[in-house]
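*Asks:* next comes the sequence, and after it the predicted model I'd like to discuss.
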Amino acid sequence: MHHVVALALPRVVAFDLAIPAQIFGDPGGPGAYRFTLCAAAAGPVPTTTGFDLVAPRGLDALGEADTVVVPGYQPLTPPEPPVLDALRAAAARGARMVSVCTGAFALAAAGLLDGRRATTHWMDADELARRHPLVDVDADLLYTAREPVLTSAGFAAGIDLCLHLVREDHGAQAAADLARRLVVPAHRDGGQAQYLTRAMPTEGTGMASVYAWALQHLDRPLTVADLARQAAVSPRTFARRFVAETGTTPLRWLNGQRLQEARRLLEATDLSVEEVARRCGLGTATNLRLHLARDAATTPTGYRRTFRARTTPPPA
């Protein structure tokens with residue numbers, strides 16, 4: 001089983017820690033993970049919310065990890081040298097290194113983010129960039145997905161990143177099933193900026209019906225004008241409202257939904273690549289190959305070969 005070890009630093013953010021614990025440690029989860037909580041030393045660890053956690057293991061647990069998760073913590077002082085050494089040793093051994101929210105400060109202090117793109121909570125991104133100029137800090141991302149070191153934005157973005165890990169390990173269907181269990185979206189588009197207003201189109205905003213209509217007609221060559229007609233507003237007004245509500249443009253959102261549907265069809269059906277491209281609205285197999293190469297660094301055939309072997313297609 002894939003061993004996930006979460007490192008609780010002093011004054012750990014309990015919510016950040018609860019995310020990987022729930023996803024990788026819950027018996028009702030994917031079932032292919034073993035979860036361990038550790039700290040600099042076994043025993044009580046204070047949280048930012050006024051209660052202590054008890055870590056059953058010390059830093060030796062990092063030596064057994066396939067994936068190391070560092071949840072956020074406050075204040076953002078660098079961890080003690082033994083902790084940094086243990087993080088470096090785990091990375092050198094080949095463990096996948098993951099941070100949730102301000103846990104990125106610990107990975108950066110260990111030098112594991114140097115030369116890499118990284119994100120953290122938007123309120124702390126400037127400080128991360130100031131302290132660690134060798135890190136390419138992008139405050140707008142929900143998470144960075146380039147292994148072996150991955151980072152997430154603030155708080156609930158840790159859910160997005162952990163679902164991404166499940167998706168990479170076990171396929172989109174496993175991640176979608178888990179997301180339904182958690183009652184969260186399997187995938188969210190846009191960056192952190194969207195959460196300054198509203199995350200996604202919601203009932204009463206005028207966008208929810210357009211959102212649903214577009215998902216039902218992905219096979220069509222939809223334009224902003226088509227979507228605007230559904231909302232009964234001008235294309236310019238529609239585009240402005242959509243960006244305000246979702247943090248991304250209508251066409252970028254559509255493209256992401258088309259790719260998500262293409263992945264689902266590649267995993268769950270035997271349709272030809274050409275037919276998958278047609279059904280998800282990307283037009284041609286060539287266009288699908290181009291977009292999937294940019295999004296996932298693979299081909300449709302390679303994606304299907306990898307993930308069909310890991311998932312069971314849903315019943316007809």
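*Replies:* Received, thanks. Numbering: from 1, shown residues only.

*Asks:* make it CA atoms for all contacts and neighbour counts henceforth
*Replies:* OK.

*Asks:* show me the shaky parts of the stretch 151-300 of the chain.
*Replies:* Flagging of the stretch 151-300 of the chain using pLDDT under 70 yields the residue ranges 187-206, 296.

*Asks:* what segments of it are strands?
*Replies:* Using DSSP state E, counting those that start in this stretch, the stretch 151-300 of the chain contains no strands.

*Asks:* for it, which segments count as helices?
*Replies:* In the stretch 151-300 of the chain, the helices defined using DSSP state H, counting those that start in this stretch lie at 157-170, 172-182, 208-216, 224-231, 235-246, 250-268, 273-279, 285-296, 300-308.

*Asks:* can you list contacts of the first one?
*Replies:* Pointing back at helix 157-170 there. 16, 19-20, 23, 30, 100-101, 142-143, 145, 151-152, 173-175, 178-179, 186-188, 307, 310-311 (Cα atoms under 8 Å, 6 or more residues apart in numbering).

*Asks:* what do you get for the fourth one?
*Replies:* For helix 224-231, the external contacting residues (Cα under 8 Å, 6+ apart) are G206, M207, S209, V210, A214, S234, P235, F238, A239, P250, L251.

*Asks:* could these go into JSON lines alongside neighbour count and distance to L227?
*Replies:* What follows is the contacts of helix 224-231, written out as JSON lines (neighbours: other Cα atoms under 10 Å; distance: Cα to Cα, whole Å):
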{"residue": "G206", "neighbour count": "17", "distance to L227": "11"}
{"residue": "M207", "neighbour count": "22", "distance to L227": "9"}
{"residue": "S209", "neighbour count": "15", "distance to L227": "10"}
{"residue": "V210", "neighbour count": "18", "distance to L227": "6"}
{"residue": "A214", "neighbour count": "18", "distance to L227": "7"}
{"residue": "S234", "neighbour count": "14", "distance to L227": "10"}
{"residue": "P235", "neighbour count": "17", "distance to L227": "8"}
{"residue": "F238", "neighbour count": "22", "distance to L227": "8"}
{"residue": "A239", "neighbour count": "20", "distance to L227": "9"}
{"residue": "P250", "neighbour count": "22", "distance to L227": "8"}
{"residue": "L251", "neighbour count": "14", "distance to L227": "10"}
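
*Asks:* that older thread, name only those of the contacts of helix 157-170 that count as buried.
*Replies:* Among the contacts of helix 157-170, those classed as buried by 16 or more other Cα atoms under 10 Å are 16, 19-20, 23, 30, 100-101, 142-143, 145, 151-152, 173-175, 178-179, 186-188, 307, 310.

*Asks:* for P56, give me its contacts.
*Replies:* L37, C38, A42, G43.

*Asks:* would you list those residues in TSV and tack on pLDDT?
*Replies:* Converted to TSV, the contacts of P56 look like this (pLDDT from 0 to 100):
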residue	pLDDT
L37	98
C38	98
A42	97
G43	97
